[in-house]
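Undergrad: Return a 3D structure for these sequence lines:
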Amino acid sequence: MAKTSKYKKVIVTAMIGAAGLLSSVAVQAAQEISRGEIVATTCYTCHGTYGVSTGNMPGINGVPAEKIKKTLMEFKEKKRASTVMGRHASGYTDEEITEVANFLGKLQKRGE
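TA: Here you go, the predicted model:
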């Protein structure tokens, strides 16, 4: 019985160590995704994955960050007419708009 108990402790200790390692890897991976990248995924529904439009919606891939930010702020502040974008932009903070613009602005031009 003493040997069985000793082996159980070793196995439990190894399992706890492995779980700790896996959770630290998961936390590290989660920290590598920026809030701007998360917000940008909502843009992909209409503007295409990574902003590369395949339809009538304008593509936003390759647009400089400052232009994206300016445009989104104009939608948010109702300085630019829209059907949908004003509602989307008004749901984000100025900081989130900056972050999504910076993320989208760093994407390499695709689809050409």
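Undergrad: neighbours around I33, how many?
TA: If you count neighbours by other C-beta atoms under 10 Å, I33 ends up with 10. Using the backbone N, CA and C atoms, a C-beta is placed for each residue, glycine as well.
Undergrad: so it, which of the three states?
TA: With DSSP: H, G, I helix; E, B strand; the rest coil as the basis, I33 sits in coil.
Undergrad: what's the answer for N56, then?
TA: Going by three-state DSSP: N56 is coil.
Undergrad: Relative to G48, how far out is it?
TA: In this structure, N56 and G48 are 11 Å apart, going by C-beta to C-beta, to the nearest Å.
Undergrad: and if you look at E74?
TA: As judged by C-beta to C-beta, E74 and G48 stand 22 Å apart.
Undergrad: Between these two, tell me which one has more neighbours.
TA: Taking other C-beta under 10 Å, E74 and G48 do not tie; G48 has more neighbours (19 against 16).
Undergrad: mind checking how far that one is from K78?
TA: Going from G48 to K78 by C-beta to C-beta gives 26 Å.
Undergrad: quick one: which helix or strand includes K79?
TA: If you go by DSSP states H and E, K79 is not part of any helix or strand.
Undergrad: what's the one helix or strand A101 maps to in contact with?
TA: Assessed by DSSP H and E, A101 sits inside helix 94-106. The contact list for helix 94-106 (C-beta atoms under 8 Å, 6 or more residues apart in numbering) reads 34-37, 39-40, 43, 51, 60-61, 63-66, 68-69, 72-73, 76, 89, 92.
Undergrad: Appreciated, that's everything.
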